[in-house]
Structure formats: C-alpha cells, structure tokens
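S.K.: Got a predicted structure here, sequence first:
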Amino acid sequence: MCVRLSSLRTLALRQTLLQYRRQLTSEGSSTTVVAELLPSLYPSLSLRRQMASRQPRWEQPTKLSGVELPPLQIYNSLTRTKNDFVPLDPEGKKITWYACGPTVYDIAHLGHARNYVSTDIIRRILKDYFAFNVKFVMNITDVDDKIIIRARQRYLLAQFKSQHSIFNDATFEETYAAWKAYVVKNLGLIPAQTTTHDFKTVSEVAYKNVIEGKSVDGTTVPGEWEAKIKMHLRTAQAAADGLETFSASKTTPPDELSQRVIPHYEKLFFEDMHALNVLDPDEITRVTEFVPRINKFVEKIIEKGFAYQTEQGNVYFDIDSFEKFGNAYCRLEPQNRDNQDLLADGEGGLSKKRSDKRSKNDFALIKKSVDLMFPHHDNELAQSEAYWLGEEGCATKNHTWVRYFLHMGHLSIQGQKMSKSLKNFTSIREALTVGEDGIPAWTSRMVRIVLLLGSWKDGVEITEGLINMAKSWEEKITNFFLKAVDIELSAKGTANGQPSLSNPLSSALEKAKKETDAALCDSFNTPLVMQSISNLVTEANSAISNDPSTDIALVLSIAHWITRIITIFGLNGNTSPNTTTIGWEGVAIPTPAQPIIYPLSQIRDEVRRQARAKAVVPESLDKLASQPLPATPTPENLPYINVYQTFQSQVKIALAQPTGIETELLRLCDSLRDTVLWDQDIYLEDRDAPLPALVRPLDASMKAARAAKERAAEEKRLAREQRLAEEATKKAASVEKAKVQPQDMFKTDEFSEWDENGVPTKLKGGADVPKSRRKKLEKDWKAQKVAHEKWKNEQK
C-alpha cells in the first residue's frame with residue numbers, strides 16, 4: 001500500500017514500535033523476532049555485491065566480563081545458523097522481546113496457533129528455565145489492507161441487505177452479475193457462458209485434477225495455487241460473499257468501518273490465545289496508537305535521503321540510495337530480492353495497481369506483507385536501520401538494528417500451508433470445540449504437545465502419525481502421574497525423605513536432567529526433551545512394576561521434576577513451575593473429594609479382595625464399614641460423604657445375608673466403580689493384586705469410550721430383536737403355508753387341469769405343463785405334504 005503523508009490511516013501500517021523500541025534499548029536487551037539492538041561494526045566492503053548472493057556478515061555480541069550466562073545458542077534467521085545468545089543487559093538477566101502480533105481482520109486458525117504457541121513455549125523456557133527477566137511486547141496491526149477490505153466487504157454486505165429486504169428478481173440479477181464476475185476473474189477454466197445451474201458439472205470437469213488432489217495439469221503435486229482454486233470453487237456460488245476486493249480498492253471506506261471490525265477480531269484472538277494457554281503480552285501496542293510517531297519516522301527517513309515522495313503523494317524506500325551509502329538490504333533472504341511475486345504480495349491488495357516507484361524493488365514505506373522474511377522483515381530491518389543510522393549509540397554506516405531474529409516454521413496439512421487467504425484452515429475455536437462424540441478434535445495440551453515434538457523453526461506437517469504420537473506421549477505421561485499421585489497418597493508419613501543415590505533410577509533422573517539442559521541450550525530443542533522425559537518414565541514404570549515398594553522418594557522426585565518441565569512448557573495450565581503438586585490438570589480428583597474418596601477406595605479394595613478370594617471375614621469388613629467419616633462434612637464434600645456412608649451401609653447389609661455374600665459384595669464394588677463414582681466424574685481403575693485401585697478423574701476419552709460401548713451394546717440388542725422378529729414372522733408365514741392341503745396348493749388361475757393329487761397337468765390355455773416345470777411342481781407338492789402332515793400332528 002502506498003503511503004500519503006497527509007493520511008494518518010494509510011501511514012500507520014507496520015512500524016508501530018519504532019520509538020518504543022528505542023526506549024527498550026536503553027533499558028536492556030531486546031531479543032526476538034526483533035531483538036538485541038546493537039551498533040554495527042560492519043566494514044564498508046562491496047555490500048551490494050555480497051547481498052546479491054549471501055547474507056551480510058554477522059557479528060557476535062560480546063559477553064560482558066563477570067556475567068554468568070547459560071551456554072544457550074539460538075538459531076538466528078540473520079545467519080541461518082546457531083549463535084551464542086548474549087543479552088545487552090550488563091547483568092545478563094533482562095531481555096526485551098518484540099513479537100509481531102495478529103492483523104485483526106479474521107478469526108485465528110491452527111496456523112496462527114503454531115506461531116503463537118511456539119513463541120509462548122520459548123518465552124516460558126527463557127523465563128522459567130533459564131531465569132531471564134523477559135519483557136514481552138506484542139504489536140496489534142489494526143490498520144492494514146486486509147482490514148480495510150474486510151471492513152469494506154462487511155459494510156457493502158450490510159448495505160446490500162438493508163437495500164434488499166426481500167430476495168426479488170432485481171436482487172437476483174444483481175447477485176448473479178457479481179457471481180459471474182467472480183467466476184470470470186478467479187476461475188479461468190470455467191467457460192464464460194456457464195450458469196449457476198450447470199456450474200457444479202462444468203467445474204468438476206474443468207478442475208477435475210484439482211478436485212482429485214492433483215495439480216491443475218495433473219502432472220505434479222498440488223501447491224498453494226491449487227489451494228486457491230479450491231477456495232474459489234467452494235465460494236463461487238455464494239454470490240453475496242463474492243463481492244469484489246478490486247472494487248474495495250477503488251474507494252477506501254470510512255475509518256469507523258474498520259473500527260467495527262478491529263475490536264471484534266482482537267477480542268476473539270485473545271480468547272483463542274487464552275484457550276491455548278498462551279501468556280498475555282506484558283505490553284500490547286497498536287499501530288493506530290503510534291500514528292504521530294510513524295509520521296515523524298517517515299519524515300526522518302526522507303530527510304536522510306533513503307526515501308522519496310512521489311507526485312501522487314506516495315512514499316517509497318529508496319533501496320539504491322540506502323545501499324550506495326554502504327548499508328545492507330535484504331539481510332534475511334538476499335536470494336529473493338528480485339522475486340517480483342513476493343514483492344507484489346508485500347505491497348498488499350490496495351496498492352498492486354500503482355506504479356510510481358523509481359525502481360521496481362523499492363517498497364512502500366511502512367508496509368506489512370504476509371508472514372515472509374522477504375519482503376516484510378527485510379523491509380522492516382532496512383527502514384529501521386535507515387532511521388537510526390548515525391543516531392546516538394548507533395553506527396554512522398551500515399548500522400545493524402537487530403542481532404537475533406526468530407521465525408517459526410509453518411504448519412501445513414497435505415503439504416499446504418494453513419492460511420486465511422487460502423481458507424484452507426481450521427479455526428482455533430473450531431478445533432477446540434467438543435464434537436458429537438464428546439471429544440474435541442484438539443485440546444490445548446494436544447496442540448502444544450504436537451508442536452513440542454517438532455522443531456520450532458521448521459515446518460510442521462499434521463499427519464495421523466504425528467497426532468497418534470502426541471496422544472501416546474500424553475497418555476504415557478498421564479498414566480505415570482496417576483501412579484505417582486497414588487504412591488504419594490499411599491505413602492504419606494511412611495516415605496523416606498531422601499531418594500537413594502545408588503538406585504539405578506537416580507542415574508536415569510540425572511541423565512534426563514543433563515539431556516534436558518543440553519537440549520534446551522541447543523536452540524530450545526524440545527523434541528529431545530520430550531524423548532528424554534518419555535525414556536525416564538519408561539525406566540520409572542519398569543521399576544514400579546518390578547518392585548511396587550521401590551524407592552518411593554525417588555519415584556516422587558522423578559514425578560516432581562517432570563511436572564516442573566512440562567509446566568515450564570505450558571502443559572499445565574496457569575500452574576507455577578515451582579508447584580509442589582504432582583502432574584497436570586486431569587490427574588487429581590476434585591480437592592473436596594480427596595480426603596473422602598481415597599479412604600473409600602481403600603475400604604473397597606479390601607472388600608473386593610476378600611470377596612474375590614471367597615475368604616470373607618465378616619468381623620474385619622464390619623469394622624471397615626463402621627469407620628468414622630474421614631472428613632468433616634461441608635457443602636463442597638457432601639456428595640462424597642453420602643457416597644462413603646451409603647457404601648458402608650450396603651456392605652453391612654450384605655454381610656447380614658445368609659447366603660451369596662461374596663456375590664453381593666462384588667456387585668456393590670462394581671456399582672461403586674461403574675455407576676456411583678462414575679456419576680461424580682471419578683473412576684476406580686482396578687489393577688492386579690497387590691496394587692490398589694487407581695483413583696483418577698474421568699476424562700473425555702473415557703466417557704466417549706463408555707458411550708461408544710453402550711451404543712454398540714444397544715445396536716447389538718436392537719439387531720437381535722430385529723432378527724428374532726424376522727424369524728418369528730418367517731415362522732408364522734411357514735405355519736400359515738403348512739395349513740394348506742397339498743392337493744389345493746396349485747388350484748389357481750395359472751392352470752386348467754390337475755391330477756388326482758392336485759399337481760397341475762395343463763396350463764391355463766390348455767397346453768401341457770412342460771416336463772421340467774411339472775418335475776419342480778411335484779417336488780414342491782411333496783414338501784408341502786410333509787409340512788402339512790407335521791402341522792396336523794402338532795394340532796393333536
């Protein structure tokens with residue numbers, strides 16, 4: 001989009017935080033997606049020739065004497081390699097981080113979740129594992145071509161609806177014309193004479209390859225172009241939604257139109273982030289809040305000779321002038337500097353038609369492209385470095401504005417990047433919504449685990465295998481936490497205070513800690529940490545299975561350490577990493593239930609053990625059934641108190657029976673597990689002796705599994721009833737048929753003569769019954785005779 005100095009709205013597009021960042025640098029370091037603002041010491045050596053083929057030289061920040069830093073290396077987009085991370089803060093503790101936030105013109109999708117959740121994971125690791133003091137600032141782009149277009153579309157649609165209260169012939173003609181224009185513009189293989197009536201048939205032929213998941217010509221794998229075609233095919237018949245974005249570019253709508261869109265989508269964005277357990281930014285800045293500073297920013301770049309204003313009032317960055325002065329352009333992706341497709345995409349939907357630049361590569365100042373290093377971030381670097389060049393504390397030539405630049409990899413499905421513009425996305429709220437089976441397609445934790453299993457900087461391809469891997473990892477850790485909580489509760493007051501250092505598990509824990517530290521220092525290598533945790537759980541499970549009385553303190557130490565790491569990763573809600581509780585949400589039953597249900601489960605364990613062994617000792621069970629309440633009744637725990645007392649009473653009644661005591665006790669134990677506590681969202685998972693039942697909260701998958709089992713049982717019952725009914729109907733028909741005497745069974749209009757037994761000899765027209773036909777009739781007659789005789793005998 002071209003910039004007019006007289007227009008605040010069109011100026012305020014991308015550099016929201018420039019003055020703010022200047023303040024940040026005076027406070028400490030700034031890491032990022034835009035971090036570590038340091039003066040440049042670049043020599044002036046043919047930078048223009050270097051930039052044509054490779055990234056400019058990058059200088060490692062100097063570690064200040066006496067500052068203790070972790071051996072952390074971060075993959076840096078400015079070098080495409082891992083660099084030692086050195087903050088500017090003299091004490092090596094403060095980090096200020098600027099992150100690109102959303103352009104609020106639509107709902108967020110899983111592709112956005114990939115970016116913001118991965119950013120959140122790294123932020124949490126820096127803050128809670130490496131103990132940096134992180135100040136996190138996020139920008140909200142609330143002025144942008146996409147916002148203007150979306151606002152215009154909503155305005156035009158609302159206006160159209162208000163002017164057409166009924167769908168009459170005139171409305172149809174107007175909508176039809178818009179539909180035709182949309183098809184002609186976006187679906188070139190569809191003949192111009194195609195109507196709404198035959199569109200489906202024609203499009204299925206014209207774009208057969210695309211619909212079948214191939215490229216347009218059917219020779220290669222599909223790409224983003226094919227994804228766009230699918231989008232247009234899906235929307236072509238929605239006339240009201242087919243309003244032209246080109247027409248929106250001709251007349252910019254009033255500012256208030258955009259302001260109706262922005263708060264709505266910003267609110268939805270943060271609701272989605274909270275649902276994904278993404279921490280709020282420490283500060284939020286919006287483009288519109290910095291318009292005056294942006295104006296001054298643009299003016300200073302013009303004054304320094306690195307930008308120019310055209311006769312049309314547009315302002316462009318002068319790349320040639322910038323480079324002649326000894327500065328570097330295209331630090332991130334120099335290989336793309338002449339890519340006209342990317343350049344055009346970076347200009348935005350409202351300015352692609354304008355061409356008043358001195359050079360085709362010059363860019364409209366203060367512009368946001370999609371989510372590409374080039375031209376978006378390369379342009380951002382260039383204009384910011386141009387602004388600060390020669391300012392206090394900055395180099396007079398080739399000033400380097402940023403030292404560390406992080407870019408999250410894309411999330412894709414079937415090789416296609418998720419994108420709003422392609423409309424091939426699943427929104428975050430859709431993904432987290434509970435389905436008909438009671439289970440959401442995704443949970444917040446599942447999204448995070450999937451991303452933790454992959455590198456933050458590389459693309460993530462969502463496959464069934466990856467999803468199953470994440471589910472298996474989550475289930476494995478959950479089951480270990482359940483065991484650990486059970487051990488902790490069972491061992492209260494008896495556990496040894498310190499774990500044994502000679503136990504092999506102790507070595508496994510230390511190994512996991514070292515692997516985790518090395519992995520996180522290696523550019524936040526979370527996949528290795530996830531594997532290390534899984535291996536440690538395998539070791540712990542094996543020790544518990546081989547020796548249930550294994551070093552309890554050591555098992556609990558492992559559980560607490562794993563809890564700390566998964567909490568740092570954001571897998572444990574808003575819980576502090578310093579929590580003393582084991583596990584994540586979904587491991588412990590409600591707090592009011594704990595002092596009641598755990599003792600109740602122990603009583604049930606003993607009742608069930610004696611009943612299964614057919615060795616009931618009435619005196620011992622009566623003593624258990626007479627134990628006092630383990631907690632004082634309160635409004636919160638009253639439902640659990642009632643369950644406790646009811647079970648005790650039922651056991652006493654069963655013990656008073658003259659016979660069948662064991663059977664009744666087992667029935668009571670099953671009922672407590674399958675019905676009573678299930679209705680309280682608690683489940684007792686029976687295990688092989690001598691292990692007690694595992695007390696755990698119900699989760700969605702358990703409920704869904706039972707519902708599926710009940711549906712299957714109901715379907716089986718209905719199928720059986722139907723089969724029995726069909727058999728009964730068939731039997732009744734057979735009985736009615738058997739009542740007929742064999743000599744009368746063929747007395748129909750089809751025949752004209754019969755023999756003495758009633759078997760037909762002539763057809764209706766007088767012709768003899770063919771031999772083959774007569775043979776079959778005689779066979780049927782004999783069968784009927786047998787059936788009739790049997791029926792008569794049954795009547796006696």
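M.R.: Received the coordinates, thanks.
S.K.: can you pull out the strands in the stretch 551-700 of the chain?
M.R.: When secondary structure is read from DSSP state E, counting those that start in this stretch, the stretch 551-700 of the chain shows strands at 682-685, 694-697.
S.K.: For those, give me a markdown table that also has distance to Glu380 and mean pLDDT.
M.R.: Heads up, the C-betas are built off the backbone N, CA and C, glycines and all. Compiled in a markdown table, those are given as follows (distance: least, C-beta to C-beta, whole Å; pLDDT from 0 to 100):
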| stretch | distance to Glu380 | mean pLDDT |
| --- | --- | --- |
| strand 682-685 | 53 | 96 |
| strand 694-697 | 48 | 93 |
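S.K.: With mean neighbour count as added columns, please give these in a markdown table.
M.R.: Formatted as a markdown table, these follow (neighbours: other C-beta atoms under 10 Å):
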| stretch | mean neighbour count |
| --- | --- |
| strand 682-685 | 20 |
| strand 694-697 | 19 |
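S.K.: For Lys360, find the nearest of those strands.
M.R.: strand 694-697 (62.1 Å; C-beta to C-beta).
S.K.: in the helix or strand just after that closest one, what's buried?
M.R.: Once strand 694-697 ends, the next helix or strand along the chain (criterion: DSSP states H and E) is helix 700-738. Within helix 700-738, the residues that count as buried by 16 or more other C-beta atoms under 10 Å are Met702, Lys703, Ala704, Ala738.
S.K.: Same question for stretch 533-549.
M.R.: For stretch 533-549, by 16+ other C-beta under 10 Å, it's Ile533, Leu536, Val537, Glu539, Ala540, Ala543, Ile544.
S.K.: Please identify which of the strands of the stretch 551-700 of the chain is closest to Trp456.
M.R.: strand 694-697 (31.6 Å).
S.K.: Tell me the strands beside the closest one, with direction?
M.R.: Using DSSP bridges, the strands paired with strand 694-697 are strand 682-685 (antiparallel).
S.K.: contacts for the strand it pairs with?
M.R.: 589, 593, 597, 601, 604, 672-673, 677, 693-698, 702 (C-beta atoms under 8 Å, 6 or more residues apart in numbering).
S.K.: Same question for stretch 618-637.
M.R.: By C-beta under 8 Å, 6+ apart, stretch 618-637 touches 592-593, 595-596, 599, 603, 606-607, 610, 641, 644-645, 648-649, 651-652, 655, 661, 665.
S.K.: Go again with 7 Å.
M.R.: 592-593, 595-596, 599, 603, 606-607, 610, 641, 644, 648, 651-652, 655 (C-beta atoms under 7 Å, 6 or more residues apart in numbering).
S.K.: Now, these that are in helices?
M.R.: 595-596, 599, 603, 606-607, 610, 641, 644, 648, 651-652, 655 (DSSP state H).
S.K.: element containing the residue most central in space within the chain?
M.R.: The chain has Val447 as the residue nearest its centroid, 4.1 Å off, counting by C-alpha atoms, centre = their mean. Take DSSP H and E as the rule and Val447 turns out to sit in helix 444-452.
S.K.: Contacts made by that helix with the rest, please.
M.R.: So helix 444-452 is contacted by 113-114, 117-118, 121, 275-277, 432, 460, 466-467, 470, 473-474, 526, 530, 569-571 (C-beta under 7 Å, 6+ apart).
S.K.: likewise stretch 521-533?
M.R.: 70-75, 82, 121-122, 125, 452-456, 473, 512, 515-516, 519-520, 562, 565.
S.K.: Now, of these, which are buried?
M.R.: 72-75, 121-122, 125, 452-456, 473, 512, 515-516, 519-520, 562, 565.
S.K.: Any figure for the gap between the spatially closest residue to Thr646 that is not a sequence neighbour and Ile682?
M.R.: Nearest residue to Thr646 in three dimensions, chain neighbours excluded: Val676, at 7.6 Å (C-beta to C-beta, 6 or more residues apart in numbering). For Val676, the distance to Ile682 equals 9 Å [C-beta to C-beta, to the nearest Å].
S.K.: before we move on, the earlier item: next one: the residue nearest to Thr646 from Pro639, what distance?
M.R.: In terms of C-beta to C-beta, Val676 sits 10 Å off from Pro639.
S.K.: The two: which is more packed in?
M.R.: Applying other C-beta atoms under 10 Å to Val676 and Pro639 shows that Val676 carries more neighbours, namely 18 against 15.
S.K.: just checking, the more buried one touches Val643?
M.R.: Yes - look at Val676 against Val643 with C-beta atoms under 7 Å: they come within range, at 5.7 Å.
S.K.: What separation is there between the closest residue to Asn186 other than its chain neighbours and Glu430?
M.R.: Leaving aside its chain neighbours, Asn186 sits nearest to His232 (4.2 Å; criterion: C-beta to C-beta, 6+ apart). As judged by C-beta to C-beta, His232 and Glu430 stand 22 Å apart.
S.K.: Neighbour count for these two, which is higher?
M.R.: His232 (18 against 14).
S.K.: looking at this, the more buried one is in a strand?
M.R.: No - according to DSSP: H, G, I helix; E, B strand; the rest coil, His232 belongs to no strand; its state is helix.
S.K.: Does it touch Gly188 like I think?
M.R.: No - with contact defined as C-beta under 7 Å, His232 does not count as touching Gly188 (10.1 Å).
S.K.: Out of the contacts of stretch 521-533, name the ones that lie in helices.
M.R.: Ile121, Ile122, Leu452, Trp473, Ala512, Glu515, Thr516, Ala519, Leu520, Ile562, Ile565.
S.K.: State the pair within the residues you listed that is farthest apart.
M.R.: Applying C-beta to C-beta across those, the maximum distance is between Ile122 and Ala512, 20.8 Å.
S.K.: need the strands for the stretch 301-450 of the chain, in chain order.
M.R.: 307-309, 315-317, 363-364, 411-413, 416-417.
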